[in-house]
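Visitor: Predicted model and sequence follow; I will ask about them next.
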Amino acid sequence: MNIIIKKSESLMRYLMVHHLSEVIPLYIVNEYPKSGGTWVSQMLARALNVPFPRNSFPTLRSSIMQGHYLNPSGMKNIVVVWRDGRDTMVSWYYHCLFKHDCGKNAALVDIVSNDLQFKDPGDIRNNLPVFIEYSFTKQRHPRFSWTDFVHQWYQHPGIVSVHYESLHQNAVSQLQRVVWELTGKDLEVEKAAKIVEEFSFVRQSGRKPGEVKINSFLRKGVVGDWENNFSQEACEVFNYFAGNELITLGYENDTTWLNSEEIKIATK
């Protein structure tokens, strides 16, 4: 019965996102996994006063629909959330190899663990090069890579873009901008500030940013954590598969980050 319900929910979401997003209307928050889409969806739902049916059966009413979509066919009112692909790889590693306390990623962890057969999943520094290659060439969920996502959605017409890093710097102004670009309506700064506080990492996790809980969906809540986890080999593997896209999105100007003194020190 659970399988039938899940398949029905997936079909309903597909039909709504690709055929009804302009009619209802829906506001679609699209991301490569672990880029901050849930955070954006929560804040946007409160700002627009619409529901966010997360992990539940959607209804035919105006709401936030969050997902990992590669095919833009029929989609309107789209917010694309970007994040440095190196940080994404670290968060995605933990999501794929450690079961959350809520258990909702258990099936994914079983699949990835079986595919990769790491002796010690906790040894992220040594495992990351293999995991990065896997995520760009062989992963099964989703069936596209971070570079595929960048190629499809970078400068796609009609989207509203927001960067995870910019939200960390000033979530209030970023939320106001996203609401304006989506709806043409102003979001008062006081209301935006209350929303940002309500959905802050501290309020939702009970921890300060940087305090780690490995088996939590909200694991660490920081920017730049890749420098603490990438070895030199991981840097080179990531650059091989996605170095150009890192530059495209403005996270680096060129490939000199591979040889910087900071990286050499951090990856020893």
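Guide: Received the coordinates, thanks. Numbering: from 1, shown residues only.
Visitor: Could I get the full set of helices for this structure?
Guide: Applying DSSP state H to the chain gives helices spanning 2-19, 37-48, 85-97, 106-116, 124-137, 146-153, 164-183, 189-198, 201-205, 232-248, 261-266.
Visitor: and those helices as JSON lines, adding mean pLDDT and distance to Trp226?
Guide: C-beta here means a position set from N, CA and C on the backbone, and glycine is covered the same way. What follows is these, written out as JSON lines (pLDDT from 0 to 100; distance: least, CB to CB, whole Å):
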{"stretch": "helix 2-19", "mean pLDDT": "85", "distance to Trp226": "30"}
{"stretch": "helix 37-48", "mean pLDDT": "96", "distance to Trp226": "19"}
{"stretch": "helix 85-97", "mean pLDDT": "96", "distance to Trp226": "4"}
{"stretch": "helix 106-116", "mean pLDDT": "95", "distance to Trp226": "19"}
{"stretch": "helix 124-137", "mean pLDDT": "97", "distance to Trp226": "9"}
{"stretch": "helix 146-153", "mean pLDDT": "98", "distance to Trp226": "13"}
{"stretch": "helix 164-183", "mean pLDDT": "97", "distance to Trp226": "12"}
{"stretch": "helix 189-198", "mean pLDDT": "96", "distance to Trp226": "25"}
{"stretch": "helix 201-205", "mean pLDDT": "69", "distance to Trp226": "18"}
{"stretch": "helix 232-248", "mean pLDDT": "97", "distance to Trp226": "8"}
{"stretch": "helix 261-266", "mean pLDDT": "52", "distance to Trp226": "9"}
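Visitor: Quick one: those as TSV, columns for mean neighbour count and distance to Pro58 too.
Guide: Rendered in TSV, the data for these read as follows (neighbours: other CB atoms under 10 Å; distance: least, CB to CB, whole Å):
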stretch	mean neighbour count	distance to Pro58
helix 2-19	13	6
helix 37-48	22	13
helix 85-97	23	23
helix 106-116	14	21
helix 124-137	19	28
helix 146-153	18	22
helix 164-183	18	19
helix 189-198	15	22
helix 201-205	15	22
helix 232-248	18	31
helix 261-266	12	43
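Visitor: Show me the one of these that comes nearest Asn55.
Guide: Closest to Asn55 of the helices of the chain, according to CB to CB: helix 2-19, at 9.1 Å.
Visitor: tell me what the closest one is packed against?
Guide: strand 26-31, strand 63-67 (3 or more CB pairs under 8 Å, 6 or more residues apart in numbering; DSSP states H and E).
Visitor: what comes up buried for the shortest one?
Guide: So the one you mean is strand 63-67. Residues of strand 63-67 classed as buried by neighbour count (16 or more other CB atoms under 10 Å): Ser63, Ile64, Met65, Gln66, Gly67.
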